[in-house]
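Colleague: show me the folded form of this:
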Amino acid sequence: MTATKTVLTHIAQLLQVRETPDKPLVGTDFNELPLLENAFLKISDGRIEAFGHMENLGSIEGYTEIDCSHRLVLPSYIDSHTHLVYAGDRTLEFADRIQGLTYAEIAEKGGGILNSAALLAKTDEETLYHAAFERLQQAIQLGTGAIEIKTGYGLSTEAELKMLRVIERLRSASPIPIKATYLAAHAVPTAFKSNPDAYVDLIINETLPQVAALEIAEYIDVFLETNYFNIAQTERILAAAAQYQLKPKIHVNQFTTIGGITTAVKHGALSVDHLEVMAPEDYDALANSKTVAVALPSCSFFIQIPYTPAKELIQRNIPLVLATDFNPGTSPSLNMNFVVALACIQMKLTAEQALNAATLNAAFALELQHELGSIAVGKRAQLIITKPMRSYWEIPYYFGNNPIERVIF
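Modeller: Below you'll find the predicted structure:
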C-alpha cells in the first residue's frame, strides 16, 4: 500500500500513457503502446495526480518517493473472466487428462463442472470465502488490479446465492474493483439431465429474481455450447435477465460454433469469451457490434485445445481482450503475466498488442475504462512496477519468471 502522497521517480519507461479512447483499440491502433522514458508519476489519495519527464518533476516535498530506476511502470492488468470462488480442486481430473481422457470424457463420468458443484454444495460459506480471499491476494501480487468473478459452481438456487454472498464479501474486503457475474447456466445439473429446459425454468423463475434482489451481480453469463446450453435456452435466459438490467458476458465457441456469437451480439453482450473455434459469420457478427472478444490462452494451454485466432480478430477490427479464465478444471492459474506471454508465443501477438489487450481493452470488458487501463490524470493509481528490465518485451520473453517487483493499489 502507498502513503497518501507518493511519487515514482526515474521510471525507465512509463507504459500505456494515453487518455481513454471512446472505444476499445482495434486494428492498427492496437499496435501502439505509448510511453514516456525517464519519467515520474505522482499519486494523491489513490489517484494519478500528474506524470511526465523527470526534468519537469518539480518539488516532491510531502511525497513518499519510490525510485524506479531501470524499472518499467504500467497500469495493472484487468482480468475480465475468472471463476475465483470454488471448493476443493480437480487435481484428479488433471491426472485423468494426462492419462489421455478428454474434457468431454471427464465430464461424462461426473467430473468437470458437476464435480465442482457437488463439492461447493457441501462447503460452508466461511471456508469458500477464505479460500477465495487467498486466491484474490495472489492475483493482486501477480499484477491484477481489477477482476471479474463468476458463480456457476452452484447449479442450485441456494448454492448460487451462496457464491454471490462470498463475492460480495470479497468485494468489501478487496483493495481492487470486483465485478460479479451470475452463471447458473454453466452446466445442467444431474437431476435435470433428462429435462434441461426445466433447469432453465428454475433459473428464470426461481433463482434469477433472488439474484436480482441481492443487487450483487452486474452481469449474466451462459455456457452457450454443444452439450451445455443451446441458442433457444440462452435467449430465454438473456431475455429474462434483461428485465433486471443484467448485461450478458457469454461463454461461446470453445469447442463448436453453433451461432452463439450472433446470438450474444443480438442481445447486446458486453463480451464473448473463449472463441477458440470461429466461423466466417462469427467474425462478421463481431465486426459490426459493440461486443469485445475475450481470449483465454491459458485454458487452451492447459487442456490442449486450439488458441483463439487473435491475429485475425485484430485484422478484422474486432477489439481483443486477454483474461485468465481462472478455474479449478481448465485454467488453474491467476497469472496474467503468463497470459501475456502465451498471447505472444502461441497466438503470435506483439508485446504491444498483448499488453493493450490485458490493460486498456480489458478495462472495456468490465466497463472500467474511465477508472483503469491506462496512465491518465484522475484514474485510479493501480500500477505494476517491474523488476529491472530494458524493454517490456522481457515480460513475455521470460515467460516462466515473475516480472513484478511491486504492485501499487
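
Colleague: now stretch 64-79: buried residues?
Modeller: Ile66, Cys68, Arg71, Leu72, Val73, Leu74, Pro75, Ser76, Tyr77, Ile78, Asp79 (16 or more other CB atoms under 10 Å). (C-beta placed from N, C-alpha, C; glycine too.)

Colleague: now do the second one against Pro388, distance only.
Modeller: The gap separating Cys68 from Pro388 is 10 Å, by CB to CB, to the nearest Å.

Colleague: hmm, back to that, which one of the buried residues of stretch 64-79 is nearest Gly260?
Modeller: Asp79 (22.6 Å; CB to CB).

Colleague: residues contacting the closest one?
Modeller: By CB atoms under 8 Å, 6 or more residues apart in numbering, Asp79 lies in contact with Ala139, Thr144, Ala146, Ile147, Glu148, Ala323, Thr324, Phe326, Leu334, Met336, Ala362.

Colleague: could you check how far the first one is from Leu368?
Modeller: If I follow you right, that is Ala139. The value you get for Ala139 to Leu368, if CB to CB is used, is 15 Å.

Colleague: quick one: low-confidence ranges for the protein?
Modeller: Residues of the chain meeting the criterion pLDDT under 70: 1-3, 109.

Colleague: and which of the buried residues of stretch 64-79 is nearest Asp89?
Modeller: Closest to Asp89, out of all of these and judged by CB to CB, is Asp79, at 19.4 Å.

Colleague: quick check: beta-bridge partners of the closest one?
Modeller: Under DSSP bridges, the beta-bridge partners of Asp79 are Ile147.

Colleague: distance check, it against Thr262.
Modeller: Taken as CB to CB, the span from Asp79 to Thr262 is 27 Å.

Colleague: now Glu37
Modeller: 45 Å.

Colleague: and if you look at Asn402?
Modeller: With CB to CB as the criterion, Asn402 and Thr262 are 40 Å apart.

Colleague: neighbour count for those two, which is higher?
Modeller: Neighbour totals were compared for Asn402 and Thr262, and Thr262 leads with 19 against 14 (other CB atoms under 10 Å).

Colleague: check contacts around the more buried one.
Modeller: With CB under 8 Å, 6+ apart, Thr262 has these contacts: Glu281, Asp282, Ala285.

Colleague: contacts only, for the first one.
Modeller: When you say that, I think you mean Glu281. Taking CB under 8 Å, 6+ apart as the test, what Glu281 contacts is Gly259, Ile261, Thr262.

Colleague: from those residues, which ones fall inside strands?
Modeller: Assignment to strands by DSSP state E places none of those there.

Colleague: out of those, who's nearest Glu215?
Modeller: Ile261 (29.5 Å).

Colleague: quick check, that closest one in contact with Asp282.
Modeller: Yes: Ile261 lies in contact with Asp282 (CB atoms under 8 Å); the separation is 4.4 Å.

Colleague: which neighbours do those two share?
Modeller: Taking CB under 8 Å, 6+ apart as the criterion, Ile261 and Asp282 both touch Asn253, Leu275.

Colleague: which residue ranges form the strands in the stretch 201-350 of the chain?
Modeller: 219-224, 247-252, 271-274, 292-295, 320-322 (DSSP state E, counting those that start in this stretch).

Colleague: tell me which residues in the third one are buried?
Modeller: Applying a neighbour-count criterion of 16+ other CB under 10 Å, one finds Ser271, Val272, Asp273, His274 buried in strand 271-274.

Colleague: if I look at the first one, how far off is Thr9?
Modeller: Taken as CB to CB, the spacing of Ser271 relative to Thr9 amounts to 37 Å.

Colleague: thinking again about what came up before, from the contacts of Thr262, which land in helices?
Modeller: With helices taken from DSSP state H, the overlap with the contacts of Thr262 comprises Glu281, Asp282, Ala285.

Colleague: closest one of those residues to Ile216?
Modeller: Out of the ones in helices among the contacts of Thr262, the member with the shortest distance to Ile216 (by CB to CB) is Ala285, at 30.3 Å.

Colleague: just checking, the closest one touches Ile261?
Modeller: Yes: assessed by CB under 8 Å, Ala285 is found in contact with Ile261 at 5.1 Å.

Colleague: quick one, which of these two is more surrounded?
Modeller: Between Ala285 and Ile261, counted using other CB under 10 Å, the more crowded position is Ile261 (27 against 21).

Colleague: just list the residues touching the closest residue to Tyr77 other than its chain neighbours, thanks.
Modeller: Computed as CB to CB, 6 or more residues apart in numbering, the closest residue to Tyr77 that is not its neighbour in sequence is Met336, at 3.9 Å. The contact partners of Met336, by CB under 8 Å, 6+ apart, come to Tyr77, Asp79, Leu142, Gly143, Thr144, Leu322, Ala323, Thr324, Ala358.

Colleague: so which of the residues you listed belong to helices?
Modeller: Checked against DSSP H, the contacts of Met336 include these in helices: Ala358.

Colleague: could you dump the contacts of Met336 to a markdown table with distance to Val222?
Modeller: Output for the contacts of Met336, formatted as a markdown table (distance: CB to CB, whole Å):
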| residue | distance to Val222 |
| --- | --- |
| Tyr77 | 26 |
| Asp79 | 20 |
| Leu142 | 29 |
| Gly143 | 30 |
| Thr144 | 25 |
| Leu322 | 22 |
| Ala323 | 17 |
| Thr324 | 20 |
| Ala358 | 25 |
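
Colleague: top of the contacts of Met336 by neighbour count?
Modeller: Leu322 (33 neighbours).

Colleague: just the CA atoms of stretch 367-380, as PDB, please.
Modeller: Below are the C-alpha coordinates for stretch 367-380, written out as PDB (Å, rounded to 0.1, in the frame of the first residue of the first chain):
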ATOM      1  CA  GLU A 367     -16.800  -1.200 -18.000                       C
ATOM      2  CA  LEU A 368     -13.900   0.200 -16.000                       C
ATOM      3  CA  GLN A 369     -12.200   2.200 -18.800                       C
ATOM      4  CA  HIS A 370     -12.700   5.500 -17.100                       C
ATOM      5  CA  GLU A 371     -11.000   4.300 -13.900                       C
ATOM      6  CA  LEU A 372      -8.300   1.900 -15.100                       C
ATOM      7  CA  GLY A 373      -6.400   0.500 -18.000                       C
ATOM      8  CA  SER A 374      -4.100   3.400 -18.900                       C
ATOM      9  CA  ILE A 375      -1.900   6.200 -17.400                       C
ATOM     10  CA  ALA A 376      -4.100   9.300 -17.200                       C
ATOM     11  CA  VAL A 377      -4.600  12.000 -14.600                       C
ATOM     12  CA  GLY A 378      -7.500  11.200 -12.400                       C
ATOM     13  CA  LYS A 379      -7.500   7.400 -12.900                       C
ATOM     14  CA  ARG A 380      -7.000   5.000 -10.100                       C
END
